[in-house]
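Peer 1: Model the structure of this input:
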Amino acid sequence: MKDFTIQKRCIFITSGGRTATRFLSELLAVSVKNCHSVQEPDIWRFNYFIDFNRNKNIFLQKIIDFGLYNMTLGKLLSLGSIRSLSIARQRGKIDKLEAAKRLYKLRHNYISRVKQDIYAEANLQLAGLIDIIPLVFPNSKTIFIIRDGRNWVRSYINIQSTIIYSKTDPLYYLPHARLNAKMFPDDPFFYKWDKFSVFQRICWLWRSHIEYALKTIKFNPNANIIKYENFFEDSTKRESLNSFFEHLTKFPDNYQAEYQYNGELSGKLFHESTANRLSKWGNWPLSLVNDFQEICGDLLFQQGYGSEPEWKEMVTKAEKKKTNAE
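Peer 2: I've put the predicted structure just below:
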């Protein structure tokens, strides 16, 4: 694997999205000495196209950084991007060695031009490659972020511009661009997928990305799991941020990066969900409670969520209503 390794000290933050990865990326940039920190560096965002003239410099810089082919045609190929590589890995369509080689090719040129001692990348599309990261980046640290599935689903549905798994989603029209239960014949929801609502499909995605991360993170000795909520609750914020920095700044080669955090970016929000299509879970109709519980209920509880008396009462009522209807 020596021909496919990048020895630079690297930090990776990943998740299923909607977990403040932009905030954490900015936080690393201002807090860790000599660190080049980016979020999803080779992604075209929908808003770039809405106001092309304003964002044309971003387009140009991404093409310079990653190449015209990788930023255009490569995005459409089955293994031509981090997203497609991650999905192929989760589907079992590519083995570890081949995945490592392709990840190397997608990042080597860009990272080799980074002048700072540390490269940090926050990218939800790495969620399917947690066990591949140490093969390519032996001197790296990784964090996977988990968020309460009820709030995670709500956040996705309330994104202002598009809703994933709907016709407003640009990836809706590209085959295999998003995970779905029909990609996995053994998935318990394989036969139900076509009848699933957008809400149910997003519930399934929460379960899918967490289950895969839990399965693969044990093969990355330098990876940890952190809960999203701990970064923003006053009672746990300080301790969580300390753990965050302590884990990510001590590298496998025993190098300890310098960092200092004095509350920078406190209270600042990036990519906030501003639509109001779905209310907080305490106001969900019993039909949504039932849908969520059927798909995610057991995993939600296993990850330490869903113990509120109010939620338990809602689940009981939803189950009773479903039983009576049958």
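Peer 1: So what does residue 19 look like in phi/psi?
Peer 2: phi -130, psi 30 (degrees, to the nearest 10).
Peer 1: residues in contact with it?
Peer 2: 124, 145-147, 152, 228 (Cβ atoms under 8 Å, 6 or more residues apart in numbering). Backbone N, C-alpha and C define where each C-beta goes, glycine included.
Peer 1: How about residue 17?
Peer 2: Listed by Cβ under 8 Å, 6+ apart, the contact set of residue 17 reads 124, 156.
Peer 1: And the pLDDT for it?
Peer 2: We have a pLDDT of 93 for residue 17.
Peer 1: ok, now the one 10 residues further on?
Peer 2: According to the prediction, residue 27 has pLDDT 93.
Peer 1: can you count the residues close to it?
Peer 2: Counted with other Cβ atoms under 10 Å, the neighbours of residue 27 add up to 25.
Peer 1: which residues in the stretch 201-326 of the chain form helices?
Peer 2: Counting by DSSP state H, counting those that start in this stretch, the stretch 201-326 of the chain has helices at residues 234-249, 286-302, 309-325.
Peer 1: and the ones you listed, which is most packed in?
Peer 2: helix 286-302 (a mean of 19; mean count of other Cβ atoms under 10 Å).
Peer 1: Now do that one: everything it contacts.
Peer 2: Outside helix 286-302, the residues that reach it (Cβ under 8 Å, 6+ apart) are 148-150, 153, 189, 197, 199-200, 203-204, 206-207, 210-211, 281, 284, 306-307, 314-315, 317-319, 321-322.
Peer 1: Stretch 161-175 now?
Peer 2: With Cβ under 8 Å, 6+ apart, stretch 161-175 has contacts from 46-47, 76, 156-157, 177-178, 180, 198, 201-202, 205, 277.
Peer 1: Name the surrounding residues that touch stretch 137-145.
Peer 2: For stretch 137-145, using Cβ under 8 Å, 6+ apart, the contacting residues are 5-15, 19-21, 127, 130, 133-134, 213, 217, 220, 222-228, 244, 247-253.
Peer 1: ok, the contacts of residue 19 vs residue 66, which is closest?
Peer 2: The nearest member of these to residue 66, counting by Cβ to Cβ, is residue 124 at 17.6 Å.
Peer 1: Can you say which of the contacts of helix 286-302 are buried?
Peer 2: Buried subset of the contacts of helix 286-302 (neighbour count, 16 or more other Cβ atoms under 10 Å): 148-150, 153, 189, 199-200, 203-204, 206-207, 210, 281, 284, 306, 314-315, 318-319.
Peer 1: which ones among the residues you listed are found in strands?
Peer 2: Among the buried ones among the contacts of helix 286-302, none falls in strands (DSSP state E).
Peer 1: so who does residue 197 touch?
Peer 2: By Cβ under 8 Å, 6+ apart, the residues touching residue 197 are residue 291.
Peer 1: please redo it, this time with the cut-off set to 7 Å
Peer 2: By Cβ atoms under 7 Å, 6 or more residues apart in numbering, no residues touch residue 197.
Peer 1: now residue 9
Peer 2: Remark: with contacts taken as Cβ under 7 Å, 6+ apart, residue 9 is in contact with 117-118, 139, 251, 255.
Peer 1: Return the member of those residues nearest to residue 30.
Peer 2: residue 118 (13.3 Å).
Peer 1: State whether residue 216 and residue 130 are indeed in contact, as I suppose.
Peer 2: Yes - counting by Cβ atoms under 7 Å, residue 216 does reach residue 130; the two are 4.8 Å apart.
Peer 1: So the two - more neighbours on which side?
Peer 2: Ranked by neighbour count (other Cβ under 10 Å), residue 216 and residue 130 place residue 130 first, with 26 against 20.
Peer 1: quick one: the more buried one from residue 118, how far?
Peer 2: 19 Å (Cβ to Cβ, to the nearest Å).
Peer 1: The residue lying closest to residue 253 once chain neighbours are set aside: how many residues sit nearby?
Peer 2: For residue 253, ignoring the flanking residues on the chain, the nearest one in space by Cβ to Cβ, 6 or more residues apart in numbering is residue 139 at 5.3 Å. By other Cβ under 10 Å, 17 other residues sit near residue 139.
Peer 1: Need the per-residue pLDDT for residue 139.
Peer 2: 98.
Peer 1: distance of it from residue 319?
Peer 2: 50 Å.
Peer 1: can you pull the contacts of the nearest residue in space to residue 108 that is not next to it in sequence?
Peer 2: Distances taken as Cβ to Cβ, 6+ apart put residue 6 closest to residue 108, at 6.0 Å, once the chain neighbours are dropped. Applying Cβ under 7 Å, 6+ apart, one finds that residue 6 lies in contact with 104, 107-108, 111, 136-137.
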